[in-house]
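K.L.:
Have a look at this prediction, sequence included:
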Amino acid sequence: ADMLVVPETEVIRALFMKGIMTTVNQVLDIPTATMVAEEMGILVDTEAPEAEAKKVTEMLDAGDLENLQRRPPVVTIMGHVDHGKTTLLDSIRKTKVAQGEAGGITQHIGAYHVDVEHNGETQQVVFLDTPGHEAFTAMRARGARVTDIAILVVAADDGVRPQTIEAISHAKAAEVPIVVAINKVDKEEAQPDRVKQELTEYGLVAEEWGGDTIMVPVSALTGENLDTLLEMILLVSEVEDLYANPDRPAKGTVIEAHLDKAKGPVATLLIQNGTLRVGDILVAGSVFGKVRAMVDDRGKRVEEGKPSFAVEVLGLSDVPAAGDEFDVYLDEKEARAIASNRTDQQRLSRLQQAMSSRRVSLNTISSQAQEGDLKELNLILKADVQGSVEAILAALQQLPQKEVQVRVLLAAPGEITETDVDLAAASSAVIIGFNTTFASGARQAADQADVDVRDYTVIYALLDDIQGAMEGLLEPEL
Ligand code: GDP
């Protein structure tokens, strides 16, 4: 039913019409499932689902378990504008990379790694160098999970600001651990304790205050304490079980791609499992490729790339999209077939998406609740003013939540933005607007991503609908 984008009851009904009695928990064999799908006008290729099955977000297969080795953490920097994200990225890169490397030439390929002394050995940390939660969530909305740890930068002279709160919501929704860098402590006006105090309101309590969030005062400008920050990242990564099997064909995610006039399609691939080698045959999204050459983040030609590292790859037949997954195949024919099959499938899934909604809406939630399948209702709340946000949050807390938990991923005053839509799409959430409007482009994005956006001008109507959905009583909206 999920793949056909129809309610389960429709599958059960189709079977019933053929004289087959089933319940929603029953497993169908392939011929029966094929019959149902074809009944609904969908051609079934039994090989395609297996190839796609390899594409699940979890990068490890059962076969990897005997060969697991630790891999470096992949880190994204987030925070409010002007709080120092770019400066921090640059200054970590400069202090850690330029040392001892010929001319200190660095190449921007979308990610870079640094060496850090930790527990008496040299370990690596990999940074994605597009800062901000927008890029992070746009990737996640496409199903890619590339970040292991988020660094939240908060300027000590400015404190928690709207995008700080957004970044916290986005990292939490993705269940990515947060390390806080309290930046600009070189400034006279810096008040690191005020930042810590403000962050407690968003569930981040510093370790030294009895919480479990690591907060490091730093200056991206002078370089103060950056070593400690890097060590803390490694400390957090130790408990995160970051493993990969270097001894298998590579797979991972496209983090950047463009068309170079001289070189053709160029893509930066983040290797998340296995080892990528020159000569490997791969499929990235629906693009076929044979790795002709690889360049690492230091601009060096390399023959292979290991888990958690990014390499720039030449030899693709076309430009894939950032967020696309890539897989290496041993057989060129198979890879070509999968690439062209994906192209067909993408067309089909776009068609399906146009025909019917895949994402959650209050209505689908209501029918899930009716069937007792609903455990959690994810909401994003945007309202005219902070007062409304607080009033609505307080009212939501009053709703009975024994069966279904309301999880508010983000609650803030302001317009509904494209980033909100991405967050909703990535987290199966419904957006609730209260006396607010769409920022430019957001409505279109919501339509495209099939995100349910509801706007209200009276609180009780809002609460009625949400309670109705939780209880499975919402009248379908036509
Ligand atoms: P972003 O928008 O978060 O990427 O912020 P930027 O990295 O562009 O920094 C914004 C401004 O803050 C720039 O003028 C930086 O020079 C300045 N800045 C960043 N970090 C520090 C710091 O640690 N101390 C001081 N005094 N200024 C900083």
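P.N.:
Nice, I can see it. Numbers count the residues shown, from 1 in each chain.
K.L.:
Next, count neighbours for Ala335.
P.N.:
Using other Cβ atoms under 10 Å, Ala335 has 20 other residues around it. Using the backbone N, CA and C atoms, a C-beta is placed for each residue, glycine as well.
K.L.:
change the start of the numbering to 6 and stick with it
P.N.:
Happy to do that; since the first residue is 6 now, the last one works out to Ala340.
K.L.:
Tell me which helix or strand comes right after the host helix or strand of it.
P.N.:
Ala340 belongs to helix 337-360 when assigned by DSSP states H and E. Counting by DSSP H and E, the next helix or strand C-terminal to helix 337-360 is helix 367-375.
K.L.:
Pull out the buried residues from that following helix.
P.N.:
Leu367, Asn368, Thr369, Ile370, Ser371, Ser372, Gln373, Ala374 (16 or more other Cβ atoms under 10 Å).
K.L.:
so which strand or helix has the residue of the stretch 306-455 of the chain found nearest the ligand?
P.N.:
When distances are taken as Cβ to the nearest ligand atom, the stretch 306-455 of the chain reaches nearest to the ligand at Thr424, 15.4 Å away. Secondary structure assignment for Thr424, by DSSP H and E: helix 423-432.
K.L.:
how distant is that helix from the center of its chain?
P.N.:
10 Å (Cα atoms, centre = their mean, to the nearest Å).
K.L.:
Can you pull out the residues in contact with that helix?
P.N.:
138-139, 142-143, 145-146, 171, 174-175, 178-179, 364, 383, 385, 387, 414-415, 434-436, 444, 446-447, 450-451, 454-458 (Cβ atoms under 8 Å, 6 or more residues apart in numbering).
K.L.:
With stretch 301-312 instead?
P.N.:
74, 76, 102, 106, 110-112, 114, 116-118, 249-251, 255, 274, 276-283, 298-300, 314-317.
K.L.:
Look at the residue lying farthest from the centre of the chain and tell me its secondary structure.
P.N.:
When distances to the mean C-alpha position of the chain are computed (Cα atoms, centre = their mean), the maximum falls on Gly24, with 43.2 Å. Following DSSP: H, G, I helix; E, B strand; the rest coil, Gly24 is assigned to coil.
K.L.:
Tell me where the stretch 56-205 of the chain is predicted with low confidence.
P.N.:
Low-confidence segments of the stretch 56-205 of the chain (pLDDT under 70): 56-63, 102-111.
K.L.:
can you list the residues of it near the ligand?
P.N.:
When proximity is defined as Cβ under 6 Å from any ligand atom, the stretch 56-205 of the chain approaches the ligand at 84, 86-92, 136, 188-189, 191-192.
K.L.:
In strands, which of the contacts of helix 423-432 fall?
P.N.:
Asn383, Ile385, Lys387, Leu414, Leu415, Ala434, Val435, Ile436, Val458 (DSSP state E).
K.L.:
What residues are bridge-paired with the nearest residue to Ser174 once chain neighbours are set aside?
P.N.:
With Cβ to Cβ, 6 or more residues apart in numbering as the criterion, Ser174 has its nearest non-adjacent residue at 3.9 Å, and that residue is Leu415. When assigned by DSSP bridges, Leu415 has beta-bridge partners Ile385.
K.L.:
and Thr233, what does it touch?
P.N.:
Thr233 makes contacts with Val221, Val223, as judged by Cβ under 8 Å, 6+ apart.
K.L.:
For it, report the pLDDT, please.
P.N.:
Per-residue confidence at Thr233 stands at 96 (pLDDT).
K.L.:
Likewise for Ile437?
P.N.:
pLDDT, read off for Ile437, is 95.
K.L.:
Name the nearest residue to it, sequence neighbours excluded.
P.N.:
Leu386 (5.0 Å).
K.L.:
go on, Glu15?
P.N.:
Per Cβ to Cβ, 6+ apart, closest to Glu15 is Ala6, 7.0 Å.
K.L.:
Can you give me the neighbour number for the one you found?
P.N.:
Count around Ala6 with other Cβ under 10 Å applied: 13.
K.L.:
how close does it sit to the ligand?
P.N.:
Going from Ala6 to the ligand by Cβ to the nearest ligand atom, to the nearest Å gives 44 Å.
K.L.:
check contacts around that residue.
P.N.:
By Cβ under 8 Å, 6+ apart, the residues touching Ala6 are Pro12, Glu13, Glu15, Val16.
K.L.:
What of Thr127?
P.N.:
Per Cβ under 8 Å, 6+ apart, neighbours of Thr127: Asp120, Val121.
K.L.:
how close does it get to the ligand?
P.N.:
26 Å.
K.L.:
Dihedrals phi and psi, the nearest residue to Thr81 once chain neighbours are set aside?
P.N.:
Nearest residue to Thr81, sequence neighbours excluded (Cβ to Cβ, 6+ apart): Thr152, at 4.3 Å. Note on Thr152: backbone dihedrals following degrees, to the nearest 10 are phi -90, psi 130.
K.L.:
May I see the buried residues of stretch 227-241?
P.N.:
Buried, per 16+ other Cβ under 10 Å, within stretch 227-241: Asn230, Leu231, Asp232, Leu234, Leu235, Glu236, Met237, Ile238, Leu239, Val241.
K.L.:
And for Arg150, the neighbour number?
P.N.:
17.
K.L.:
That one against Ala179, yeah?
P.N.:
Yes - in this structure, Arg150 is within contact of Ala179 by Cβ atoms under 8 Å, at 7.3 Å.
K.L.:
mind showing which ranges of the stretch 206-355 of the chain have poor pLDDT?
P.N.:
350-355.
K.L.:
residues from it in reach of the ligand?
P.N.:
Counting by Cβ under 6 Å from any ligand atom, the stretch 206-355 of the chain sits next to the ligand at Ser224, Ala225, Leu226.
K.L.:
Return the backbone torsion pair for the second one.
P.N.:
For Ala225, the backbone dihedrals are phi -70, psi -30 (criterion: degrees, to the nearest 10).
K.L.:
can I assume it is in contact with Leu93?
P.N.:
Yes - Ala225 is in contact with Leu93 according to Cβ under 8 Å; the separation is 4.0 Å.
K.L.:
Can you pull the residues that touch both of these two?
P.N.:
Val158, Ala186, Asn188, Leu231.
K.L.:
mind listing what the second one touches?
P.N.:
Going back to what we said before, that points to Ala186. Contacts of Ala186 by Cβ under 8 Å, 6+ apart are Leu93, Ile156, Leu157, Val158, Val159, Met220, Val221, Val223, Ala225, Leu234.
K.L.:
how near is the closest residue in space to the fifth one that isn't next to it in sequence to Thr169?
P.N.:
So the one you mean is Val159. Residue nearest to Val159 in three dimensions, not counting chain neighbours: Val200, with 5.0 Å by Cβ to Cβ, 6+ apart. Val200 is 9 Å from Thr169, where distance means Cβ to Cβ, to the nearest Å.
K.L.:
Over to Thr348?
P.N.:
Going from Thr348 to Thr169 by Cβ to Cβ gives 41 Å.
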